[in-house]
Structures are given as C-alpha cells and as structure tokens.
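1. no FASTA, just this:
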C-alpha cells in the first residue's frame, strides 16, 4: 500500500525549486516514475510530497549550442534513442538509451531519472561518463555545473542536496572521427537490469590510441572511469595483445573497488571480454 | 470419417470477449460493497506461534473482524491427497508466507494497516533447507509423522545383471530448482451467500469440485451448502490446482454473512503459491555397443517444502517416467519426496516429468557420445513402439508416435546446415540438440473419472454441462467441438454450462493433460445416451420399432423408410420434455504395485521430440535459442490452432526453465527479480503435429498441454553441450553456469 502524499505539478523550474525548498527534504521528484513507483510500492520511498516535473518545457529539450549538446532532465530514453543529434554527436549514449528495459519503459523513463536514481547498473551512466558529461543543478540557493563523475556517492546515492534539482546534462559533441561503442550484457534480451555495461570513446591517430575514455557499469558501487586502463592505453599502438593487457587493468580496478565477492569469479573474465568487445565494436562502426 | 467440427480452423469460443477485454477475471468481478480481506503471513520459515495480539489492529478504523485458526469451524487442513496444510496456522509456521491471520475491513487500506498492527510473537525453530538434511535420522520434524512424505519404487528385471551386460555405462547427477508458474492473473475472487444461502465463491481455479470439497471440510458444511463458480482464469499451469484464496474467502463470508473480496498482489502470489519441485536425480544408464539400452538405475530426491500438496504425485510420476520414451528391460528407480521449510512445491505443468526429461535426455546424449552414435539414431533405436513394454510392465497397444516425432525432426535436421561458426564472432558457438519425452495422460494409476450431461429442452435449446475449468488452454472450444461433431449440430447451437458446482458435475481437474481425452470421452458417452433416449422417444412418436431407427446429423432416421427423419429438437418439442444424456468416463488403469511400481498407470501416452538450435556466447555465458522444431504426437488435433498455441507456449516456458527461471524462497519477490523469457528471448518455433490416433480417445485425441513444455529444456541443454563441448547438469543454465562450463572445457 502506498502511503498518501501530495502531488504537485509545477510549470517552471523556479516553482519546483520553491516546492523542494519548502518540503525540507520530504519531497521526491517524479518524471517517468519507473524507479520511484517501484520504491513507493515496496516501501523504500515514503515522501510526503511528489513533484511532477514533466510539464516543465525547458526540461524536455535537446539543444545544440556551438560545440555542446544539452539534454533536458525529462527527455525520455526513446527521445534520446531517436534523436538525430544525439546519434550524430553522442552515439554511445543513443545506443545505450535504445537498449534500456522495454519500449514502455523507454517511453516514460528519463535521462535525469536514470542519473539521480544512481543505480550502479544504470545504462546511461557509462556513456555519460565517457562523454565527460556535466550536470546542471539548480536550487533556491544557487545554480551549479557539476561533472557527472562527482555526482555519485554510493549505490543509489547522489551528492545532490534534497532541495536541488538536476535540470540538464551536457557534453562536448564528439567529432565524426571519434570511435565509440556501448556493450551490454543481461540475463535476458529485454526488461532486464544490466549484468554489465561498458562504454568506450577514443580516437585513433596513426594507429595509436588517443583520448581514450572507458567506463564500466554494474561492477563498482558507483559508475567509474577505468583510469588505469585509460592511462595504460593512451598513445599506444592498437594491437590485440595490448587490449588483452588493458582488459586486465579493467578487472583490477573492478576488484580494487568492489573487493572479491562470490560473483567475482564470473565478473572478472566477463568484464575483460566485454571491454575488448567494446573496443573492437567501436573500431568496426 | 468426414468430420465437420473436429480438426478444423475455428476461433476459440472465448477469444472475442478476451480480446475485447470483456472477460471478467477474479479482480474484475462485480461485488456490492464487499469487505476486503488481507492475510497476515509468517516472516520466518519455521517457528512456534507464542502469542498473537489483535487489540491495536482491531482499533484501526474500518476493520470488521480478524480471523485466526480458532475461527475455523471444520478441519483446518487442506491438500489434494495428504491433508497437512492449515488455512491459518494455529501453533506453528513452516515457511516464509504461512498464513497466520485474516483481516476483513471496509477498505483495502484499512485491512493492510491492521495487518501491520497485529502483533505475533514467534519462537524460532531450526529450519531445514535441504531435503537430504530433512531425511537425516536426527533432523527436527517439520510434521509429526516425519520428514519423508513418500517413497516409491519402480523395479523391473534385474539391473545388476543388466549393468554387467552393459558395454557402456554413464552415471551423472542432475539438479533442478523452484520454478514459478508465472500465470498472468494474480489470484483474486469474491464470496457471498447466493439466493439459496449457499457459501458461494467465484474465483480462478483449475477444479471447482475439488475446491468445493475443501471449503466444505474447512467450514464443516455439507457439500451442497458450498458453491464454487470459476470465473475467467488467467492461466494455471498447475498453480491453481491447490486451493489458494477459496477457503479464506469462504471463512470470512461464512462468519460475516456479507460479500467479501480478496486480491493478491503479485508479490503475494510469488511468496505463497506452489512452485515446481526441485529434484536431485542420480541417473545411471547402461547400453550395449549397438546403442540398445539395457539397464537404468535412478535415484530421485525431491523437495516438497513445507506441505505435501502434489509431492507424492510428483514422486510417483517422475519415477514412472524415469526411462523416458524408451524400452529398457532392467529398471530400478527409487523416488523420495521430503519436507523442508522452503516454499511449498506443488503441481506444475508436467508433475516432475520436465525435470526427469532433462536427466534422461542428457543421459541419451552421453551414451550417444560414448558410442559415437547420432543422437537421433540412438533414440530411434530405443524408442517405444506398438508392442513395447514400459518400465511398469504395461504393453503399449496403439498410438505410440515417438518414432514418428523423431523421424520428422530428423528430416528437418538433415536439411539444415547449422554448424557454421561465425568467423567475425569467434566467441559465439552454435549447437543443435534433441529432446524427447513421453507423458501419461491423466492421473497415475488411480481412478480419475469425468462426468458430463448433454440435454435438449422442448424449446429447442441444446445444452452441454461440464465441470471442466477452461483456464485458457481451450477446453471450452474443444469440448464443444467434440459435442457438436458427435451430435451433428453446429457448434454455436450448443450452449455450454461449465465449472459451476451448483449446475455441473465433477469432471476432475484441468491437469495431467487429461480434459480432452477424459472429459471429451465423458461427453461422447453422454451424447450416446442422449441419442439412445432420443431414439426411444422417436420410436413412440413415430410408432416405429427402435431397432429400425438410428441417429445421424442431429436427426433420428429410419433405416427402412428413407423419407422418415425427425430432428432432435422436434422430438423434444413433441414429447414436451427435456431429453437428457448422462455420461462418464474413467480411463482404464490399474493400481501400481506398492513394492515394484508395476501396473498400468495410464490408458494412453503422448509423445514428442524437440530440436533446439542455440548460440552460446562463450565469453559471457549468454545463450540464445534461435529456433525450436517441435514435433508432437497428440493422437488427433481437435483444434489444430490450439495445439500449435500450446506448443508455442510450451517452448517459451521450456526456454525459461532451461535458461533463467530460478525461484529462491525469501529472495525472489516479483517479476522484477524473477525473470521469465520476453518476446525477445523466445525462439522461432516450427510446430509439427503428428497424429497417431488413440483408439480410446475422442476422435483419436490424447493431450498436449504438458507435453508441449517437456522436451524444450532437454533439447536446449543438449544443444548447449554440443556447442561448447561441455555438459551442464544443473538447471537453469544461467550465465554463471554456462561460463563455468566453458572454463571447465578449456581446462580439460
């Protein structure tokens, strides 16, 4: 049984910030509700106010400005997957959005929701991490830009203050020559939480790797860039053996962050393989 | 025989109301101002109930009454065969989810709030998790009579001698786990006193007459004071053979004398309804060099969980089916079912045979491998045929289509060029696997009759009465087809009255793939008798000797005078009374010998073979089933589309059983973490219907409901083994197990 709550539908960001401020931490934001409603139903969430932000036009836009692409917090996964500009300038994110859940979930679930829910397995997070995405956060007190990587505190926990609202994500457009890919593994082919998800972005100049960024989801408490592997690969010649060695760096990072668990014997070889697969997929595309 | 209603393509009779959303399922039933019921359940798997305090809960506004075991006027134990499951626990709980109290309130919210305010003090008892542990001599007792529910043996020939003669022997241990039925409709229903003051329950169910007996026993009422009406039922798969909500509804309506309603959440369905029995199967097979099976020795240990339910049935049926559809001269099977403090296991599509088929089909492939034989050839060499004797000593006299299903699959396989591994994706390995099965139609070695009535009244209405519950499998349509074919009037001229204990008689359960065969035959018997009385009446009306009259196409005709014919309706009208035919059918079986399991457990068997094509991602353990060729001997397809529908659904369920379905008591709570295949995970299915007619079946029909599921998982597992060169012995073949097998293969 879902305990009673007030339901507010503001039309502007300012109104939302006022409502959040007044609620003193007892409010929850709803957009698609694909995570929140489950939380309400199983008792994990019991807010006294729910603020529906889907009527705020500003949050529903995908905008190009010079070299930046910005996506409003309530843009749905379906909209991201079908947006020509996201496909052009951030294909890795577009690919990930198209694989989330099911058509029903993609039609209502939003990118902002996927971020602030902070699930270690969230599919848009590894792509956003390799895109060096920034979040624009607004509250009654201030407005700030925060690198996505600094937004997470732990599984299902963000650094956002209760009265803050994530309004937008933005990243630098990828140049056409940049290679990228997203690889996902789950227990079934739809409507399943990722067992692992890998995003990579890099360039190849004179057969050497440049500006490589690697992020792996579902294997660490918060989404992480695999900086050990990145440093190892940067400037190196792209060879099979090298990828194999780099994949060991990826699994090392996983184990360092998450420790040895019963699932490690499975995850270790698989994360290595999926990383290599992501690199090869990026080269093919 | 040229048939007009059987074997043709017609829409199912309920298809339109379901497609339009007009069908009323449990939660849709209209009910005037009902009180809402909510069950308080045990959070712990084994404990004594020290005390319960209701005061706070009773003070919640809107709460009418809270029932406990003390409020049960009759026997507080239910169960299909062994009655050991309380409706509300009195002094002890035996699994996480045992019902402890029942709250009736004016709103669902109040009922739920009250449930949270009932205080129950438990004193934990040691819990038993594994059946081996349960059978240990010093194990704590879950039920006073002991932790062994049942032990059953099938013994034929001399296995010791058989294994001595064997030239190749393989021995392995197989395990399977809990599976949820995952029927679409959560249990829900209503109860009220009908115009005759009977306690009436309307709910989804697979057997109204069984429900009636249980409710009457719990309330200590005569049978005719309890009425069960089946509403549209969103699937069953065995999960609605046990009572779920019936006795709870009845108890509340009995005391409160006003309408009550209950709707389970999906979480509740997962927690408290039965599951497929996990079995551990140690299986030893011996064969001659030419591939002929000579002996098998099988040991089966099952987990029935907290209560008996169908545990005994599963222990017996799995033992009887242990050989698979093969002739084996020397057989020794021991099958045991033990109580634990896990979720209770019950009937689920196949009653243990899907688990057994996984084992015997893996064994067949292992033998083929050891003998360097083709997997289909070794099966063809051993498969049952007319004249074969089964492990229980039954000689099969007709309708043994296993060989034909194998040949049909072989034709497909031989024209496929499958094993091309993709050079672009060297980590993908492809494989093809075969799975065969046999399945006895109806209950095992016990009476399982059905009854039916067919009548025509003077106004011309033709009515078919049956107690059969259509749970989506299509019996309403199939039984009407049988009736309309036999009586010679079109299907839409017959009114079907079904599954209401006040107006229909016992047809037994919609289970064991039995309703087409058994209730179909009962209807044919009713029609035979109706025709007989029509001829008698016509004889008087026409003043013609009975022996000169016969029945054809809905009319009574004279043999001698070709122009004399009188339609059935005309007879009823002219004699101004209801013409009625009573019918019954009980398949010919014998009781199985308690020591050796010898006897005739079933009158007929269905047979099937599946071929599965899989791709295994050897780096992640992910398996994709690309296609399944599913060949089924159903005797005769009364409704071919429906048979194909059963096969499609069976393959989907089999894919889940093979690859992902894994219930864990206390951990898996809903479809969020209990995964079943989605449309993207289900393979393409090529159904092949083989019709080796059963002489005792209605128009030659047998059954297909459970057979559709059984061969899929074995075929998929055999295909995985072929793809990666390493066999998996534990279901499901999830990511971790498949990757583990790949790694094991690399080390070998």
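-> In hand now; what should we look at? None of these values were measured; they are calculated from a predicted model.
2. only C-alpha atoms for contact and neighbour calcs from this point on.
-> Fine.
3. how much space between residue B:721 and residue B:435?
-> 13 Å (C-alpha to C-alpha, to the nearest Å).
4. now swap in residue B:702 and tell me
-> Going from residue B:702 to residue B:435 by C-alpha to C-alpha gives 20 Å.
5. neighbour-wise, which of these two wins?
-> Neighbour count, other C-alpha atoms under 10 Å in any protein chain shown: between residue B:702 and residue B:435, residue B:702 has more, with 35 against 31.
6. isn't residue B:499 right up against residue B:471?
-> No. Using C-alpha atoms under 8 Å, residue B:499 is not in contact with residue B:471, being 10.7 Å away.
7. which of these two has more neighbours?
-> Using other C-alpha under 10 Å, the more surrounded residue of residue B:499 and residue B:471 is residue B:499, with 26 against 22.
8. start to end distance for stretch A:66-76?
-> 23 Å.
9. Next one: the residue nearest to residue B:82 when sequence neighbours are not counted, what pLDDT does it get?
-> Nearest non-adjacent residue to residue B:82, counting by C-alpha to C-alpha, 6 or more residues apart in numbering or on different chains: residue B:308, 6.2 Å away. For residue B:308, the model assigns a pLDDT of 98.
10. Residue B:642 too?
-> So, for residue B:642, pLDDT stands at 97.
11. buried stuff in the helix or strand hosting it?
-> Using DSSP states H and E, the secondary-structure element containing residue B:642 is helix B:640-659. Across helix B:640-659, burial judged by 16 or more other C-alpha atoms under 10 Å in any protein chain shown covers B:640-659.
12. Chain A against chain B: which residues are in contact?
-> Residues of chain A lying close to chain B (C-alpha under 8 Å from any C-alpha of the partner chain) are A:1, A:185, A:187-192, A:266, A:269-270, A:273-274.
13. Can you flag the buried ones in those?
-> Taking 16+ other C-alpha under 10 Å as the criterion, what is buried in these is A:185, A:187, A:188, A:189, A:190, A:191, A:192, A:266, A:269, A:270, A:273, A:274.
14. what's the third one in contact with, if anything?
-> In this case it means residue A:188. B:660, B:675, B:677, B:678, B:681 (C-alpha atoms under 8 Å, 6 or more residues apart in numbering or on different chains).
15. cutoff 7 Å now
-> B:677, B:681 (C-alpha atoms under 7 Å, 6 or more residues apart in numbering or on different chains).
16. Report the two of the buried ones among the residues of chain A next to chain B separated the most.
-> A:191 and A:269 (24.4 Å; C-alpha to C-alpha).
17. Given the top strand by length along chain A, what are its sheet partners and their directions?
-> The single longest strand within chain A, with elements called by DSSP state E, is strand A:194-205. Partner strands and pairing direction for strand A:194-205 (DSSP bridges) are strand A:179-186 (antiparallel), strand A:208-217 (antiparallel).
18. Using JSON lines, lay out those together with mean pLDDT.
-> Output for the strands paired with strand A:194-205, formatted as JSON lines (pLDDT from 0 to 100):
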{"stretch": "strand A:179-186", "mean pLDDT": "98"}
{"stretch": "strand A:208-217", "mean pLDDT": "97"}
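19. so who does whatever residue of the stretch 1-150 of chain A ends up closest to chain B touch?
-> Residue nearest to chain B within the stretch 1-150 of chain A: residue A:1 (6.8 Å; C-alpha to the nearest C-alpha). By C-alpha under 7 Å, 6+ apart, the contact list for residue A:1 reads A:41, B:109.
20. Do a quick rundown of the strands in the stretch 51-200 of chain A.
-> A:62-65, A:68-72, A:134-138, A:143-147, A:152-154, A:157-158, A:165-172, A:179-186, A:194-205 (DSSP state E, counting those that start in this stretch).
21. Of all those strands, which one comes closest to residue A:122?
-> strand A:194-205 (7.5 Å).
22. So which bits of that closest one are buried?
-> So for strand A:194-205, counting by 16+ other C-alpha under 10 Å, buried means A:194, A:195, A:196, A:197, A:198, A:199, A:200, A:201, A:202, A:203, A:204.
23. ok, the residue in the stretch 151-300 of chain B that chain A sits nearest to to residue B:119 distance?
-> Nearest to chain A, among the residues of the stretch 151-300 of chain B, is residue B:267, at 9.7 Å (C-alpha to the nearest C-alpha). Using C-alpha to C-alpha, one gets 22 Å for the distance from residue B:267 to residue B:119.
24. which residues does residue B:160 contact?
-> So residue B:160 contacts nothing (C-alpha under 7 Å, 6+ apart).
25. OK, contacts around residue 247?
-> Picking chain A for this. Going by C-alpha under 7 Å, 6+ apart, residue A:247 touches A:272, A:275, A:276.
26. looking at chain B here, not the other one
-> B:87, B:215.
27. I'd assumed it was in a helix, is it?
-> Yes. Checked against DSSP: H, G, I helix; E, B strand; the rest coil, residue B:247 lies within a helix.
28. measure stretch B:481-495 end to end?
-> Note: stretch B:481-495 ends 12 Å apart using C-alpha to C-alpha.
29. swap in stretch B:266-281?
-> Using C-alpha to C-alpha, the end-to-end distance of stretch B:266-281 comes to 31 Å.
30. Can you give me the pLDDT of residue 98?
-> The chain I'm using is chain A. For residue A:98, pLDDT reads 98.
31. oops, chain B please
-> 98.
32. picking up where we left off before, the residue nearest to residue B:82 contacts residue B:81, correct?
-> No. Using C-alpha atoms under 7 Å as the test, residue B:308 is too far from residue B:81 to be in contact (8.0 Å).
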